[in-house]
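Q: model this:
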Amino acid sequence: MDKNHKNRQWVFNQDIPAEETAPGASRKVLAFCDQAMCVENRFEEGARGALHSHPHTQITYVAEGRFRFTIDGVEREVKQGDTLLKQNAVVHGCLCLEKGVLVDFFTPMRREFV
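A: Numbers count the residues shown, from 1 in each chain. Now for the predicted structure:
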C-alpha cells in the first residue's frame, strides 16, 4: 500500500512504508481524509524534530519514549502517555531523549505529506 490510501476505513501499519524525515527519525502516514490525518513518527535517541509551524491544529500522543518539546517558546519534557496541543501556526519542535514513538493527529490533513 502507498499513500493513495486516502479515505480508506482500514489502514494497517504493516502495509505503510516509513519515510525518513531527519537523521534518526521516520514517518508513516496512516489513516487520513481531507479533514483529519493520523501520522506515526519514530525517533532514535538524539534525533530532532526541527522547530517549525504550519496552518494545522496538531495533537501529539507520546506512545513510547521521552522527549523534550518546545511549543511557543516553552520547553518541557514529556513521556509515554502524555499529550500535546499545537494550534495553528504555533512554532514547535522536539529532541528525542529516549527512543520513542509519537502519534500525531492533524486537522485538516497535511497535503504536503502525501
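Q: any stretches of this protein with poor pLDDT?
A: Applying pLDDT under 70 to the chain picks out residues 1-3.
Q: surely His52 and Gly93 touch.
A: Yes. Judged on CB atoms under 8 Å, His52 makes contact with Gly93 at a distance of 6.4 Å. For glycine as for every other residue, the C-beta is placed from the backbone atoms N, C-alpha and C.
Q: these two: which has the busier surroundings?
A: A direct count of neighbours by other CB atoms under 10 Å for His52 and Gly93 places Gly93 higher, at 15 against 8.
Q: nearest residue to the more buried one in space, please, no chain neighbours.
A: Leu51 (3.8 Å; CB to CB, 6 or more residues apart in numbering).
Q: state the distance from the one you found to Val91.
A: Leu51 is 6 Å from Val91, where distance means CB to CB, to the nearest Å.
Q: likewise Val39?
A: Val39 is 19 Å from Val91, by CB to CB.
Q: of those two, who's got more company?
A: Higher neighbour count among Val39 and Val91: Val39, with 21 against 13, using other CB under 10 Å.
Q: any idea how far Leu85 is from that one?
A: 16 Å.
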